[in-house]
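Engineer: This is a predicted model, with the sequence first.
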Amino acid sequence: MSTESPLIPLPYITAELPGVGGQLKAEPSAFIVEEIPVYDASGEGSHLYVSLTREGWTTRKVVEALASLYGIDRGSVGYAGLKDRHARCTQTFSLPNLQPEDAQRIQDELSFTVNWARCHGNKLKVGHLLGNRFTITVSGLNVDPDTARVRASAIAGAIAGRGVPNFFGAQRFGIEGQNVVRGRAAFLGNGPREKWLNRLLISAYQSHLFNIYLVQRIEQDLFSRLLDGDVCKKANTGGMFEVADPAADSHASIAARSATPGRSLARRCGLQHAQLRFWRIRLWPTQGLARRSCAAAVLMAHAARRACGCRRSM
């Protein structure tokens, strides 16, 4: 396997502004992630929802620990999304046929903090999540605190107007980006036998292709513009619509910040403008975007969806 990283440099949307330097994730407590649920546990039902805070554990390892603790199948443990191991994460899991008082065993026997436990009527599934709230501490600044505050304020102001390109982060791609290399091999039929790992690797490759596309869109000054075929999500209602007239929709939606363009990757959301969420962009080779890269991304999106057992149309 090649040891050369396949990853591409990702541009800053505020490249013209000076930064503050420093280090992220100097320790787990410097990167705090809290889930924002789509719905609250009702207090009744056959599934126990438990909110846990932990450090140094992947979501999959937590699932294994909970399944082992209660003697249940790993597949019966529900969660809304995967979380980074190198962080302090607060995440909700669902466990079948348990009561709130049963959660005390987690507190006593595992190295997790139980924040609350309530019953609900259904298993928690991937995608049952509004988003994540992050509290990030930057350590080892290259400038003094007063200068850092001034610079950070200027950057925040620019982002409020321009939005944030929601690139997939380095943690998805593994050490030196080797998940991308392995994901391409899996896509070509040379992946591991474990279905979950095969899906994970193909997803990493798919995410890499999306990053390539998004870089091209930024470089060609198309980041803040709607293109024919973009699928947008309305911020006030959550309704989805496909852009048929980019000029009209851009004026009515983006200028008013009532809608924001999305992406082709199912269940992947992020911020395009302040307080706006976007889901997918159809990767058509329009407006001078490289046809080969976009065609590959479309193919990859369809292939990955098939590999994951997704039936929803692009």
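Structural biologist: Arrived safely. As the structure is a prediction and not an experimental result, all values here were calculated from the model.

Engineer: Buried ones in the longest helix seen in the chain, by neighbour count?
Structural biologist: Ranked by residue count under DSSP state H, the longest helix found in the chain is helix 195-219. Applying a neighbour-count criterion of 16 or more other Cβ atoms under 10 Å, the buried positions in helix 195-219 are 198-218. Where C-beta positions appear, they are placed from N, C-alpha and C, glycine not excepted.

Engineer: same for that helix, what does it pack against?
Structural biologist: Counting by 3 or more Cβ pairs under 8 Å, 6 or more residues apart in numbering; DSSP states H and E, the packing neighbours recorded for helix 195-219 are helix 178-187, helix 291-307.

Engineer: Going by mean pLDDT, which of those comes out lowest?
Structural biologist: In terms of mean pLDDT, the lowest-scoring of the helices and strands packed on helix 195-219 is helix 291-307 (a mean of 43).

Engineer: For the stretch 151-300 of the chain, give me the ranges with low pLDDT.
Structural biologist: Residue ranges of the stretch 151-300 of the chain with pLDDT under 70: 233, 235-238, 249-300.

Engineer: Is residue 93 in a helix, a strand, or coil?
Structural biologist: Secondary structure state of residue 93, per DSSP: H, G, I helix; E, B strand; the rest coil, is strand.

Engineer: need the contact list for it.
Structural biologist: When contacts are counted by Cβ atoms under 8 Å, 6 or more residues apart in numbering, residue 93 touches 49, 50, 52, 62, 63, 66, 77, 78, 79, 124.

Engineer: quick one: the second one and residue 106 touch, right?
Structural biologist: Yes. Residue 50 lies in contact with residue 106 (Cβ atoms under 8 Å); the separation is 6.6 Å.

Engineer: Quickly list what's touching both of those two.
Structural biologist: residue 114.

Engineer: Which one of those two is surrounded by more residues?
Structural biologist: Higher neighbour count among residue 50 and residue 106: residue 50, with 26 against 22, using other Cβ atoms under 10 Å.

Engineer: For the more buried one, what is the enclosing helix or strand?
Structural biologist: Element membership of residue 50, judged by DSSP states H and E, is strand 47-55.
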